[in-house]
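In: I would like to see how this sequence folds:
(2 chains)
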Amino acid sequence: MKLSRIALIGLAAGSLAFAGCSTTGSGDAAGGAAAGGAADAGGASTAARARRAGYSGTMRLDDPASILGVRKIYFEFDSSEIGFDDKLVLRAHAEHLNANPSTNITIEGHADERGSREYNIALGERRANAIKAYMTAEGVNPAQLNVVSFGEERPDFMGHDASAWSKNRRGVLVY
Amino acid sequence: MLKSLIQTLGLSLFFMASAHADLTIEITQGSEGALPIAIVPFQQPVSGVPTHRVDQVVTSDLARSGRFQPLPVADMLSRPVQPSQVDFRDWRALNVENLVIGQVDAKGPGAYDVSFRLYDVYRGEQILGYTLQTTADELRSTSHRIADLIYETLTGNKGAFDTRIAYVTSIADKNGKPTIHLRVADADGYSPSSIVSSSDPIMSPSWSPDGQKIAYVSFENGRSSIYVQEVYTGAREKLTSFKGINGAPVWSPDGSKLALTLSKSGNPDIYVMDVKTKKLRALTTHWAIDTEPAWSPDGKYIVYTSDRGGNPQIYRVEADGGKAYRMTFEGKYNAKASYSPDGKQLTLVTRVGEDYRIGLMDLRTRDIRLLSTGDLDESPSFAPNGDMIIYATRNKNRGVLAAVSTDGRVEQRLVLQAGDVREPAWSPFHQ
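Out: Here you go, the predicted structure:
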């Protein structure tokens, strides 16, 4: 019974996202859809999708057009502050986890390659913990949230410039 | 003259090393004022010729230190083997201050006697002479010991050629998926062996003071644990696997304790573990990041990185506990400090503008001198004699190791055949 209700809302949310696409124009929408799933959706496209899809929190997890398809959020250098747009993403995930109390996720914290390695492990953990704290404040049971830091050991991008670094300073939600 | 000599040496080292070494050494900056020395090719046994030439290993070692400028063999006017064949005028004419002669004698299958003599050319007298019994397997190690003896006799500092380095390599397969190895090799890059491999990160190798064990961090099973592994037998023990960070293990100078970082309380703090009883004691309990502990050589203090002041800086605490004392104030990023063997200096990672460099801090003046010129330099580790620091840097978009003398006079690069290499840790003296 409960399952069919979620599916129904999921469908509604999907059509909402689709409606959003048709009104915001093809460029941004195409970019958002292409970057869906576990792929990177940094900065502007994350924000665009967050606003477009809203954060009702009951969208389908496997729908790449859903805000729940955004699994990565990014940080400034030596910072664990979560930006406004990323809070919308985390809120959607929090509501999903609240609605699915048997679902556990791992929050990975990562750092860019600059500076020393063990300090970056600590920094990555601080970022993951900041995500955990935000989601816990949104009502998620802490037992659903495992935290692990990989510091600079698992970069998403292999480059050695500001653009690669900004993509490597990230928190990742792993379902 | 000096420049061409160094280029020649660098080239020959490169070729010699490429046959058997994991890491090839390129001398990137030579040294002015290095001591001219001649190492005459040692007489080889008639049968059972060893695979390595002792004189060549000694020559490479001494050149690599930056303290010596070995005479190319082609420039030698004579090639004495026996003391009676030495004519000091041949060497004075070439401005050579010290002369080494020697021979390798076969003593049965795989066994050798290596004899050498060191002369002061201007005084015209022998100042050192030894015969060392060795085997084919130990021949390189014996050669390094000869270089150590020459180095100590002529500089007054103990040599660190007969030592090893541990380092982490990352080699990607065709699909870009990396395999991480923790390896150990001779200090000149020879005889590498992997002591552990994983598809997950391996970090922070640290030698036990007796050089028999390495503590490290491994993310096998997806989260961090600290392991202690016997270098020669491969036997290992999982030391900690708490919730959160298990990181930065480092042995106390007497080997009875390990300092490490755990975040089981909610944020990273420094702990001290008794190696025998496994009992843990929290050394710091601050809400900020505290990590990267390192012991002073007398075991009294531990320095560590903390961002309690808003950005990472070096702090010091007594190893028994007490108040944190801030050591660095210059710049916005100082991290990963460790003491020189004499306890008078710290090497650390320091940010200069946008670059991360290796610094050397005098503990009396607190001045930091920069030793490296890269933009992403990290993980400095002192040689056990304190004369050189090995660190990780980048060259042509690859992770390589570099070594620099603490006086900044000589630099060299250690390049892996393929992939990236990082986190070097220089072993203690051979025991």
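
In: show me the helices in chain B, by range?
Out: Per DSSP state H, chain B carries helices over the ranges B:2-18, B:54-64, B:88-92, B:139-155.

In: quick one: buried residues of the shortest one?
Out: Spelled out, it's helix B:88-92. For helix B:88-92, a neighbour-count test (16 or more other Cβ atoms under 10 Å in any protein chain shown) marks B:88, B:90-91 as buried. The C-beta positions use only the backbone N, C-alpha and C, and glycine is treated the same way.

In: now tabulate the residues you listed in a markdown table and tack on pLDDT and distance to chain A.
Out: Listed next are the buried residues of helix B:88-92 as a markdown table, based on pLDDT from 0 to 100; distance: Cβ to the nearest Cβ, whole Å:
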| residue | pLDDT | distance to chain A |
| --- | --- | --- |
| B:88 | 97 | 52 |
| B:90 | 97 | 52 |
| B:91 | 98 | 48 |
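
In: pull the contacting residues for residue B:65.
Out: By Cβ atoms under 8 Å, 6 or more residues apart in numbering or on different chains, residue B:65 lies in contact with B:151, B:159, B:161, B:387-388, B:405, B:410.

In: nearest to chain A, of those residues?
Out: Minimum separation from chain A among those (Cβ to the nearest Cβ) is found for residue B:388, which lies at 19.9 Å.

In: any idea how far that closest one is from residue B:142?
Out: Applying Cβ to Cβ, to the nearest Å, the value for residue B:388 to residue B:142 is 22 Å.

In: equivalent analysis for residue B:196, please.
Out: Taking Cβ to Cβ, one finds residue B:196 at 28 Å from residue B:142.

In: what's the end-to-end length of stretch B:421-431?
Out: The straight-line separation of the ends of stretch B:421-431 (Cα to Cα, to the nearest Å) is 27 Å.

In: report whether that stretch contacts chain A.
Out: Yes. Residues of stretch B:421-431 contacting chain A under Cβ under 8 Å from any Cβ of the partner chain: B:422-423.

In: measure how far that stretch is from the centre of its chain, please.
Out: 5 Å (Cα atoms, centre = their mean, to the nearest Å).

In: if we can go back for a sec, where among the helices of chain B is the average confidence lowest?
Out: Mean pLDDT per stretch puts helix B:2-18 lowest among the helices of chain B, at a mean of 34.

In: hang on, the earlier thing: where is pLDDT lowest across the contacts of residue B:65?
Out: Minimum confidence in the contacts of residue B:65 sits at residue B:410, scoring 84.

In: ok, for it, nearest residue in space, not its chain neighbours?
Out: In space, and not counting its chain neighbours, residue B:410 is closest to residue B:66: 2.5 Å by Cβ to Cβ, 6 or more residues apart in numbering or on different chains.

In: distance of the one you found relative to chain A?
Out: 26 Å (Cβ to the nearest Cβ, to the nearest Å).

In: need the pLDDT of that residue.
Out: For residue B:66, the predicted pLDDT is 85.

In: pull out the buried positions in stretch B:135-150.
Out: B:139-150.

In: for chain A, what's the nearest residue on the stretch 101-250 of chain B?
Out: For the stretch 101-250 of chain B, Cβ to the nearest Cβ, closest residue to chain A: residue B:201, 3.7 Å.

In: what pLDDT does that residue get?
Out: With respect to pLDDT, residue B:201 scores 97.

In: please name the nearest non-neighbouring residue to it.
Out: Leaving out its chain neighbours, the residue that sits closest to residue B:201 by Cβ to Cβ, 6+ apart is residue A:153, at 3.7 Å.

In: same question for residue B:363.
Out: residue B:344 (5.7 Å).

In: count the neighbours of the one you found for me.
Out: 13 (other Cβ atoms under 10 Å in any protein chain shown).

In: confirm for me that residue B:71 is in contact with residue B:35.
Out: No. At 11.2 Å, residue B:71 and residue B:35 do not qualify as touching, with contact defined as Cβ atoms under 8 Å.

In: who's more crowded, those two?
Out: More crowded of residue B:71 and residue B:35, by other Cβ under 10 Å: residue B:71, with 19 against 16.
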